[in-house]
Structures are given as structure tokens and as C-alpha cells.
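> I need the structure of the sequence given here:
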Amino acid sequence: MSQHLADAPRSAAAPDAEAAERGDWWRDAVIYQVYPRSFADGDGDGMGDLPGVTARLPYLRDLGVDAVWLSPFYASPQADAGYDVADYRAVDPVFGHLTDADELVRAAHALGLRIIVDLVPNHCSDQHAWFKRALREGPGSPLRDRFHFRPGKGERGELPPNDWESVFGGPAWTRTVDPDGGCGEWYLHLFAPEQPDFNWDHPAVHDEFRSVLRFWLDLGADGFRVDVAHGLIKAAGLPDIGHTEQLSLLSTSATPYFDQDGVHAIYRDWRRVLDEYPGGRIAVAEAWTPTIERAARYLRPDELHQAFNFEYLTTPWDPRALRRVIDTSLAAMNAVGAPATWVLSNHDVTRHATRFGNPVPPFDPARPVAAPTQLREAGDRALGLRRARAATLLMLALPGSAYLYQGEELGLPDVTDLPDEVRQDPSFFRAAGQDGFRDGCRVPIPWSGTEPPYGFGPQAGGPSWLPQPDSWAGLSVEAQTGDPESTLELYRAAIALRREHPALGAGTEVVWLDAPEGVLAFRRDSPDSRAIGDGADSSGSRQSGGSRDIKASGVGKVGGSRRERRGLVCTVNLTGEAVTLPAPGRELLTSGAPAVAVSDASAVSDASAAASAGCPAPGGDAAPLVAIAADTAVWWAI
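Model (predicted):
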């Protein structure tokens, strides 16, 4: 097991002074998720590690992100890729040493980057000292009270204590063997059997995690991503659910073990700890809840700072569905004073460049259905990438904070054809496993060269813990750098514009503009561009949560009065063919082909609809018509 902090110097380093003064930096941050085992291999053993991440931090600085979230690197048997933690204060030897974590934090801060550590409080490893002692001491051990040990049902206790199912498939209970060799009690694990759930009704669990928070905050961590934040408290008595097929990995169904009201007292306690430290230390909830409004409850002013917007991630490529989730998200977050967050991919879902290349489920406003997040079909690669690029510009134009998953800036697809023998996702091996194909989004990313491992490790032809496709040479960082048409350069340009443009980043609303069918169009205004009468009803605007609809009021006018504005319009054509509309302003950035001027108005299939879709030019003259390519997003300066 790795050494502890006593063997490593404490890190007082922090991001640059100007950024450190911004305690609310997270309200408009672009945060990049690093999955350490697949990011960069520093020692050549085929597994990514912390020295590899440190060596690649300048790349992330140049990409333009504000913070780096690291998936778990704690001491762990790796039954679930590090989400089975044996020691929360140690680094697993696979990833390095605690001094490597300290060096990573220092190096990141020197580059102006913040570090978010993944915290796993719902469960630990079956190799955790507490759990091992609980098993060793047998029934009656006080350590068993820190977990959920229960006698079984049936004449001889041969049946699980209740009917709960594991998210990874099969029962959520495993029977133990007593020290004398007899059949013993059962313990609860909502995920793999190697991941016993903590009992958060026990005060020792609270004390332990307050200590863990301070340990990493003292090391210099800028915050935490809270794994399974919705799962810590279970309903009293652990009641039966009464049916099977209760939950999948990313489900938002209501259950007696997720999203219980008791979790909020835990996060109020944690917030007090975070507020003891300077520089805006934060906590981000991974909370799969039945509604966005339920997720917002985790973000009340005395609780956590952000929550991942999984409803946005699971929204299909449909303008009505996207507008609905944007409005709902902004309204829910505004109600508690929290920033909205936007995310398209992470380590648990099929990459969005592949999801968007597969058929879109039909949208029914009365009964909206989430798009599937685990796919085994590669789909239409060109279509998926085109939509993924457009989705990125849409996401980065929205108010709040954005999360990126490593490799999406390269346009990487999911690897859907991994041989079964190389898969390592634990749910793949369960008899009734669910969503067991996460390995496809975890394949190590390509950095350089023409053959695997594409610079992932220090030696050409070296090992990689998951095989990389032979077709990835053209997707490497090296191949895309400097190519203005590449996805990498699109991300770099979009993030730079987002940082520089006064209308982008933090905010609470978008102003929806009329647009042709299949097109989303909205305006973002800079904070200093509001004019007298901006909120007046005479403008023809209608307030709608965190958004407003503008009916023929014009980009350059509000309530019919002239005013200067440093704003931005984002238009997204979600259809499969080019759409013509009046140009809202000067084109800044496009996810695909540049908008093409249309000289002949007869080329517009519905001239009246197109005329109302855009807005008059700032000078009051009719805006020129332009054609926006299929599945393309454009940013316009106004």
C-alpha cells in the first residue's frame, strides 16, 4: 500500500493570485475529466498514472480548461476501476505515490489549473480495514455497524434480507462466512460485491469522511466530485421494492436507497468544512435524481456547489427536447442560486460522438424519454461526429459551467467492438449485468504516432491496458494540432472565445429567438449591455424560467428602442439538411462548414418563416440570408 501524507510535503500551492481571488470561479468553469488509467502512462506499464497526467498538464492549460477532475487514484484492488477504495489517504501503486499526487497539484496550480478529486463516500472496498475487521470479528463486531450487515430470511437465513438489486446486476446482498466457517450474515452492496455500502447513520462514518475531506484539502485539492452523492442514506428499515429490474446504472427511478432526504444534512456538514478553506473549494454532486428539481436540492446555498446535469446528457438530438431541458435546468438552478452545468460524456456512458450517430428516439413532449447512454452499435461515424461538434458549441454557449471528458476534444468515438476477453467493466461479468460496456469509452487516448499506443506510454509499441483501434492515428493530438478543420482546434477556439467573450460563461438565462423548424436560436447578453426597458413587457418578451422568448423584437432592439449590445447568438441546425435564415450578426465560429450567403430569396422554401427566424441587422437593415449546413452550430457576434 502506498505511503501517507506524513511521508510527503504538504502543498500550500494555489492557482494564480487573480484566479484565487475569484471564490466563485466554478460558476463559469470548464472542467476536464481525466480518467487516470487511460490518459497518459508515465512508466510504460500500460496503465495511465499520476506522473503521466502531470506531464500532460500543459496540454490541458493550452486547451483552455479551468480545472481538472481526476477519477479515483486511491489505493484499491481495482475491482471497479478504483471506485472500490481500500484507503482514502493513499495512492494506489498502479498510479504512483502520494508524493506524485502532491506534485500533480503543485504543477497544476503553477499552470493556473485547479484539481478536483473524486470522492467515493457511498461504499468502499471489501479490502478496507474496517470491513476486513468486521468480517474477521464476526457477528456482534462494532465495525459491522458501520456497514449494512443483516441476517438473512428463510429458515436458515439462506435468502437475502430484502429484494434490492445491485446496479451492476444480481442481488444487492452477499452472504458472509463466519470465522468458524458457518454461513453468516449478509451485507449490502448497491454495486459490486467488492464494494460494501457504508452505513451513514453511524457517527464514525461522518467523522471519517470529514477527516478525508481535510486530508485532501490540506494537500491543496480545490474540490471534490462526489460519487453516488444520492446514495448515502437508505430508507429506514430497508423496505422491499416489490419487483425486479429496479434500476440501471444511470437510472433516475425513485427507490428506497437513492435520493433520500437525509443526504442533505451530510452535505450541509461538508459545506462547513469546505468553507473553512480559502480560494473557493467546491463539491460537485453525481446525483441521479428523478427530476432536475430534485437535483437542485443538493445545491441550496448551504450544501454543494454544483451537480452534473444528467438529464441534459441523456437528451436526444431533438430541438424540442433540448430546449425543454435547457429551460428546465436554468429554472431549477436559478431557484437555488446555483449555476447550471452541462455535460455530454463521461467514463460511464458511450461517447456522444457515437451516441449521436445512432437513431434518435422520437420526442413526445407529454412523455419525454431519455436517450440510451450505453450503446453497442458504432452507428454513422460521420453523422455522430458532425452532431457532436455542434453539440459542443451549443453546450459551451449556455450559461453556467461545462464538463468535458478526456478525448472528446479529439472527436473520439466509443470503441464498440472490444473483444469480450479484454473487457474489465465489472458489470459485464455479472450474470444479469446491466450497462456493462463502459470499457468502450475508457480506451486510452491517442497522443502521437501512427500506431498503438499512439504516445500513450513512453515507448513506441508499448502496452496499453485496453487495445486502441488501428484507425486512431488521424485522431491523435499530434495529428489534429494546427489543423483548422480538426475537432481539437474547434475545442481550443470555442473555449478561448468562451473565456474572452463578455456574453459567454456565467449567467442565468438565454433569450430564445424565433427560428425555422428544427433550428434552435438563442441570444446571450453581456452583463454590461442591458439597456433601459430591457425587462419591460413592451419588448414582446415572455419570461420562461431561465429563458425568454423574443417575438420579432430584433437582436439590436428591445422594446423597439435602439441600444448597443456586446452579445452573442447561437444557432443550431439539428436537421439533416441545410436551413436558410437571416444572419443574426457576424459569424465567429462554426462547428461545420461556414454559413453560405444566399443571394436569391427564392431559395428559401418558406420565406415568411425564415424572415421571422432571425433579426434585423444592428443598423436596422434587413439581414442577409445565409444557409447553415445540416447538424451545424454557429456563433454570431452582435
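> CA atoms for contacts and neighbours, from now on please.
Will do.
> where does the stretch 151-300 of the chain dip in pLDDT?
Along the stretch 151-300 of the chain, the parts satisfying pLDDT under 70 run over 247-252.
> how about the strands in it?
173-177, 183-188, 223-226, 282-285 (DSSP state E, counting those that start in this stretch).
> in which helix or strand would I find the closest residue to residue 587 other than its chain neighbours?
Nearest-residue entry for residue 587: residue 636, 4.5 Å, with adjacent residues in sequence omitted and distances by CA to CA, 6 or more residues apart in numbering. In this structure, residue 636 sits in strand 632-637 according to DSSP states H and E.
> show me how far that strand is from its chain's centre.
On the basis of CA atoms, centre = their mean, to the nearest Å, strand 632-637 is displaced by 24 Å from the centre of the chain it belongs to.
> just the residues contacting it, thanks.
386-387, 389-391, 393-394, 566-574, 584-593, 595 (CA atoms under 8 Å, 6 or more residues apart in numbering).
> buried subset of these as a PyMOL selection?
Selecting only the buried entries of the contacts of strand 632-637 in PyMOL, with 16 or more other CA atoms under 10 Å as the criterion:
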select buried, resi 386+387+389+390+391+393+394+566+567+568+569+570+571+572+573+574+584+585+587+588+589+590+591+592+595
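> tell me the pLDDT at residue 539?
In this model, residue 539 is scored at 31, pLDDT.
> typo on my end, it should be residue 360
Confidence per residue is given as pLDDT, and for residue 360 that number is 81.
> hang on, residue 508 packs against residue 398?
No. Taking CA atoms under 8 Å as the definition, residue 508 is not a contact partner of residue 398, at 9.2 Å.
> higher neighbour count, those two?
Remark: of residue 508 and residue 398, residue 398 carries more neighbours, 28 against 20, as counted by other CA atoms under 10 Å.
> give me the domain ranges for this protein.
Structurally, the chain divides into domains by automatic domain parsing as follows: 5-122+201-496, 129-188, 509-637.
> can those domains go into a markdown table with extra columns for distance to residue 502?
Below are the domains of the chain laid out as a markdown table (distance: least, CA to CA, whole Å):
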| stretch | distance to residue 502 |
| --- | --- |
| domain 5-122+201-496 | 12 |
| domain 129-188 | 43 |
| domain 509-637 | 5 |
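> in terms of mean pLDDT, which of those ranks lowest?
Looking at the domains of the chain, the lowest mean pLDDT belongs to domain 509-637 (a mean of 71).
> now do the phi/psi pair for residue 101.
Listed backbone geometry of residue 101 is phi -60, psi -40, with angles given as degrees, to the nearest 10.
> any idea how far it is from residue 62?
Summarising the geometry, the distance separating residue 101 from residue 62, computed by CA to CA, to the nearest Å, is 21 Å.
> who has more neighbours out of those two?
Here residue 101 and residue 62 are set side by side on neighbour count (other CA under 10 Å), and the busier one is residue 101, at 25 against 11.
> so who does the closest residue to the more buried one other than its chain neighbours touch?
Once flanking residues are discounted, residue 101 sits nearest to residue 50: 6.6 Å by CA to CA, 6+ apart. For residue 50, the contacting residues are 36, 42, 95, 96, 100, 101, 104, taking CA under 8 Å, 6+ apart as the criterion.
> so the last one touches residue 52, yeah?
No. Under the criterion of CA under 8 Å, residue 104 is not in contact with residue 52, lying 9.6 Å apart.
> more neighbours: these two, which one.
When residue 104 and residue 52 are compared for neighbours, residue 52 comes out ahead with 26 against 20, by other CA under 10 Å.
> now, which of the contacts of residue 50 sits nearest residue 340?
Checking the contacts of residue 50 against residue 340 with CA to CA, the nearest one is residue 36 at 26.3 Å.
> buried residues in the helix or strand harbouring residue 55?
Counting by DSSP H and E, the secondary-structure element that holds residue 55 is helix 50-63. Within helix 50-63, the residues that qualify as buried are 50, 51, 52, 53, 54, 57, 60, 61, 63, counting by 16+ other CA under 10 Å.
> export it as CSV, just CAs?
The C-alpha trace of helix 50-63 is given here as CSV (Å, rounded to 0.1, in the frame of the first residue of the first chain):
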residue,chain,number,x,y,z
LEU,A,50,-0.3,10.4,-12.0
PRO,A,51,3.2,11.2,-13.4
GLY,A,52,1.7,10.8,-16.8
VAL,A,53,-1.1,13.2,-16.0
THR,A,54,1.4,15.8,-14.6
ALA,A,55,3.5,15.6,-17.8
ARG,A,56,0.4,16.4,-19.9
LEU,A,57,-0.9,19.3,-17.8
PRO,A,58,0.5,21.9,-20.2
TYR,A,59,-1.8,20.3,-22.9
LEU,A,60,-4.8,21.0,-20.7
ARG,A,61,-3.7,24.5,-20.0
ASP,A,62,-3.4,25.1,-23.7
LEU,A,63,-6.8,23.6,-24.3
